[in-house]
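[1] Sequence below, structure please.
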Amino acid sequence: MTNETGTQEHRIDQFFSGPGARADSWRFMADAAKAWSDGSGSRDSFDALLTEIGVTEEYHGWACV
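    Numbering: from 1, shown residues only. Purely as a prediction, here's the structure:
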């Protein structure tokens, strides 16, 4: 479920859907970037999604070290 900024709410029962959720986050962020670039979206929505995916990607970055 997305809220008004376009970010998704995370539910505990979706804990094991990590790889799919990670791919979905990248897709949502790409869609927000396209919408921002063509004028139908806002930078705030893109920034919110970028911040959200940053947490996951930071985890994966440290897990590979």
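[2] So which bits of the strand or helix carrying Trp36 are buried?
    Take DSSP states H and E as the rule and Trp36 turns out to sit in helix 18-38. With burial defined by 16 or more other CB atoms under 10 Å, the residues of helix 18-38 counted as buried are 25, 28-29, 32-33, 36. To be clear about C-beta, it is placed using only N, CA and C from the backbone, and glycine gets the same treatment.
[3] Just give me the neighbour total for Trp62.
    Neighbours of Trp62 under the rule other CB atoms under 10 Å: 8.
[4] right, I mislabeled it, should have said Ser40
    Counted with other CB under 10 Å, Ser40 comes out at 8.
[5] pLDDT at it, what is it?
    Listed pLDDT for Ser40 reads 96.
[6] Once you drop chain neighbours, what's closest to the spatially most central residue of the chain?
    Geometric centre of the chain, nearest residue: Ser25, 3.4 Å, by CA atoms, centre = their mean. Among residues not flanking Ser25 along the chain, Ile53 sits closest, at 4.6 Å (CB to CB, 6 or more residues apart in numbering).
[7] ok, now which ones touch the one you found?
    25-26, 29 (CB atoms under 8 Å, 6 or more residues apart in numbering).
[8] Would you double-check that it falls in a helix?
    Yes. Remark: Ile53 belongs to a helix, assigned using DSSP: H, G, I helix; E, B strand; the rest coil.
[9] rewinding a little: turn the buried residues of helix 18-38 into TSV, including pLDDT and distance to Gly18.
    Shown next, in TSV, are the buried residues of helix 18-38 (pLDDT from 0 to 100; distance: CB to CB, whole Å):
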residue	pLDDT	distance to Gly18
Ser25	89	10
Phe28	93	15
Met29	93	16
Ala32	96	21
Ala33	96	23
Trp36	96	27
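[10] how about the contacts of Ile53 in TSV, adding distance to Ser42?
    What follows is those, written out as TSV (distance: CB to CB, whole Å):
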residue	distance to Ser42
Ser25	18
Trp26	19
Met29	13
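[11] So which bits of whichever strand or helix holds His60 are buried?
    In the assignment (DSSP H and E), His60 maps to helix 43-63. The neighbour-count check on helix 43-63 (16+ other CB under 10 Å) flags 45-46, 48-49, 52-53 as buried.
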